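Asks: Coordinates for the following, if possible.
(chains A, B and C, ligands or ions: 1)
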Amino acid sequence: MIVAEPKSFGELVEMVGDHRRLLVASCSGCTAVGGVGGVRQARELACALRIHFRIRGVELATEVAGVTRQCDPEFVAELDGAVDRNEAVLSLGCGVGVQFLADRFNRVPVFPGLNTRFAGGLTAAGIWEEKCRLCGDCILHLTGGICPLTRCAKGILNGPCGGSQDGLCEVGDGMPCAWQLIYERLSSLGRVGLLEQIRRPRNWADSGGGPRRLGNGGAGE
Amino acid sequence: MNKVSGLARLLEAGHFGVTCEIGPPKGVAVDTLSEKGSWVKGYVDAANVTDCQTAVVRLSSIAAAVHLKSLGLEPVVQMTGRDRNRIAIQSDLLGAYSLGLRNVLCLTGDHQRFGNHPEAKGVFDLDSVQMVEMVRRMGDPGEFLCGEPIRGELPVFFVGAVENPFAGSPELRVRRLAKKIEAGAKFIQTQCVFDLEGFRRFMALVRARGLDRRCHIVAGVTPLKSARMARFMRDQVAGISIPDKVVNRIEAGADPAATGVDLCVEQICELRRIEGVTGVHIMAINWEQVVPEIVRRAGLYPRPAC
Amino acid sequence: MNPDPRIIAFCCCNCAYAAADLAGAMRASYASEIAIVAIPCTGAVEPTVVLAAFEEGADGVIVAGCLDGECHYKSGNLRARERVNVLRSMLETIGLEPERLEMYQVSAAMGTRFAEIASEFAGRIRGMDPSPVRKPRGEGGEPG
Ligand code: SF4
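Replies: Now for the predicted structure:
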């Protein structure tokens, strides 16, 4: 799933600025599961903003709207009426959601309420870890199901580098060295020979060369 | 212009090589660089110029290598993949060759987080193994990474890589070393060795796979200048292993720097006796002036002409 | 100084609410400006509810639940405590003093203790300025 975290309150206040009627749009997809973008968080945030502005002598009117998935135009369209009643939209979707909203509602500014961090999941209570870099050319079958592109700090394909020590990555933070993990996993799978094959330079054309698009527009249906 | 690397000729001729490391200045003070060069000239077969080591901006390794070359030294250009993609690396190497540089040491590079620009975007388009193979193929068969042939004179470099025998499982390290050699590394420079026992075990694995017969292994050494430095390197620098007895000896010595030099000379003598080690690389960090003394006392002076 | 504070106490009916009752039965006197709201468990007090109280002009909010290990839903009180901590720092960010919110833990038998807590907290709130969010009595808030 997409993992996001709340922006600082101060940043949000600055974005809201002089707008007096704010629509706070939640998303019931990833960000709700992540506990940062659901209806509950939208209500909390709306209330916090109202209190904050009232203390400064300004009445901010808020409306909370729940969206099933902000990354889907059909669900985004359900916001039409609510957007009409407001001067600005604060999205608690990921960066994809914010853009879908901004594309549809070009009459009002759409603000990101979250910082979209990565594609990952919960690995322990309250700990989210990045697992996939969305590179478009999966090699997990060669690396024991551990992605070096994502989980090695240098994204190297022929690791480990010389900084790996005691199973930990040289960048610190207690992060494991992905290549040590790969080595251990391949050893337990009896496939450590895979480490002897030189992995050729990656083709970044499809993941670093501009926006990506997928599908044939329904031509095959 | 020399067609081939002097370092390659010397090592191929079976001489025990001596190289050292020279860090370019954090600015344009070429005179300090030249001064360092003049200290070591005649005592080393090649001087290895770091490429923004520990991700701190310094004068470029290629430019520094050219300055050293003009003093009559044989430079080794370090090239990391941290700050350049495949286009920049190939372009820089064509430039290096055109300036008469013939030795390249390929490294993945220290993570930018350690340097003075921790907010920089790390490139890491190629890792060291991929870079070695690319540089080798630029010279033979003579093509760019994309497969396009290089026209005219081919940039044939003496390609090296590094290996850290102490980073994680030695078995895994040797597997990776094998990959670098497979990719085309002709010389391997190791991380500084303090733990001789560990290094001997590593070399046994290297010999067991016959890797020592396929490349030159140049063992790294570092003279420790003070007890503080010894402790810092032991505790803070990733991938360096310093046995307590080494630290204790420096701490106990009346003149820690002199003890550090003694230790370094002893280490070189031990390393020379290890089968498969064909040279030493002296990394005297900010202490290049001590290199001649070490080389003399290790019985490696005078150097053969190359 | 705030001679006429409005304080809301969310009291778990398994402990604090009963303790408040007991305090009454014992004729223990405590701050009359506290309005008690009975709740099934402090774990059920959502952050929005606390925020709503402040938005409606509360000068102080108490969340009162069971002693550690005595929650009837195992860990509702612990979760509440965590939430209160988060809310206190949130109050600070949005511009309210965190001291306006406090979590207390009592048992049903602690009538006197409840009266003490209530008076102590009311004293604290009386010593502070009225909530800057406070509106004249009777005016409603925004619909959430
Ligand atoms: S220590 Fe391991 S994970 Fe970290 S950069 Fe090196 S190879 Fe990658």
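
Asks: only C-alpha atoms for contact and neighbour calcs from this point on.
Replies: Will do.

Asks: so where do the strands sit in chain C?
Replies: Using DSSP state E, the strands of chain C run over C:7-12, C:34-39, C:60-65, C:101-105.

Asks: Please work out which of these is packed deepest.
Replies: Of the strands of chain C, the one with the most neighbours on average (mean count of other C-alpha atoms under 10 Å in any protein chain shown) is strand C:60-65, at a mean of 27.

Asks: Quick check: residue B:205 is in a helix.
Replies: Yes. Assessed by DSSP: H, G, I helix; E, B strand; the rest coil, residue B:205 belongs to a helix.

Asks: residues in contact with it?
Replies: When contacts are counted by C-alpha atoms under 8 Å, 6 or more residues apart in numbering or on different chains, residue B:205 touches B:171, B:174.

Asks: rerun at 7 Å
Replies: Under the criterion of C-alpha atoms under 7 Å, 6 or more residues apart in numbering or on different chains, the neighbours of residue B:205 are residue B:174.

Asks: same check, this time on residue B:83
Replies: Taking C-alpha under 7 Å, 6+ apart, we find residue B:83 in contact with B:122, B:123.

Asks: SS state for it?
Replies: Classification of residue B:83 by three-state DSSP places it in coil.

Asks: residues contacting the residue of chain C at minimum distance from the ligand?
Replies: Of all residues in chain C, residue C:86 sits closest to the ligand, at 33.8 Å by C-alpha to the nearest ligand atom. With C-alpha under 7 Å, 6+ apart as the criterion, no residue contacts residue C:86.

Asks: Would you check how far apart it and chain A are?
Replies: 12 Å (C-alpha to the nearest C-alpha, to the nearest Å).

Asks: what's residue B:197 sitting at in phi/psi?
Replies: phi -60, psi -50 (degrees, to the nearest 10).

Asks: Next up, the contacts around it.
Replies: With contact set as C-alpha under 7 Å, 6+ apart, residue B:197 has no partners.

Asks: Mind putting the strands of chain C into CSV with distance to residue A:52?
Replies: Putting the strands of chain C into CSV (distance: least, C-alpha to C-alpha, whole Å) gives the following:
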stretch, distance to residue A:52
strand C:7-12, 20
strand C:34-39, 24
strand C:60-65, 16
strand C:101-105, 16
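
Asks: Out of the ones you listed, which gets nearest to residue B:67?
Replies: strand C:101-105 (68.3 Å; C-alpha to C-alpha).

Asks: what does stretch B:151-164 contact?
Replies: Outside stretch B:151-164, the residues that touch it by C-alpha under 7 Å, 6+ apart are A:162, B:5, B:8, B:94, B:97, B:102-107, B:132, B:136, B:138-139, B:142, B:177, B:185-191, B:239.

Asks: How about stretch B:166-181?
Replies: The contact list for stretch B:166-181 (C-alpha under 7 Å, 6+ apart) reads A:162-167, A:196, A:198, B:129, B:132, B:163, B:165, B:202, B:205-206, B:211, B:239-241.

Asks: Quick check: helices, which of the contacts of stretch B:151-164 are part of them?
Replies: B:8, B:94, B:97, B:132, B:136, B:138, B:139, B:177 (DSSP state H).

Asks: Between these, identify the one with the most neighbours.
Replies: residue B:132 (27 neighbours; other C-alpha atoms under 10 Å in any protein chain shown).

Asks: what packs against the longest helix that chain B contains?
Replies: Taking DSSP H as the criterion, chain B has its longest helix at helix B:256-272. Applying 3 or more C-alpha pairs under 7 Å, 6 or more residues apart in numbering or on different chains; DSSP states H and E, one finds that helix B:256-272 contacts helix B:244-252, helix B:291-297.

Asks: one more time with 8 Å, if that's ok
Replies: Helix B:256-272 makes packing contacts with strand B:216-221, helix B:244-252, strand B:277-282, helix B:291-297 when contacts are defined by 3 or more C-alpha pairs under 8 Å, 6 or more residues apart in numbering or on different chains; DSSP states H and E.

Asks: List the buried residues of it.
Replies: For helix B:256-272, a neighbour-count test (16 or more other C-alpha atoms under 10 Å in any protein chain shown) marks B:256-265, B:267-269, B:271-272 as buried.

Asks: for stretch A:130-138, same thing?
Replies: Neighbour-count burial for stretch A:130-138 flags A:130, A:131, A:132, A:133, A:135 (criterion: 16+ other C-alpha under 10 Å).

Asks: neighbouring contacts of the lengthiest helix in chain A?
Replies: Longest helix in chain A, counting residues (DSSP H): helix A:39-55. Helix A:39-55 is contacted by residues A:13, A:24-28, A:32, A:35, A:59-66, A:92, C:47-48, C:51-52, C:54-55, C:94-95, C:132-133, C:144 when judged by C-alpha under 8 Å, 6+ apart.
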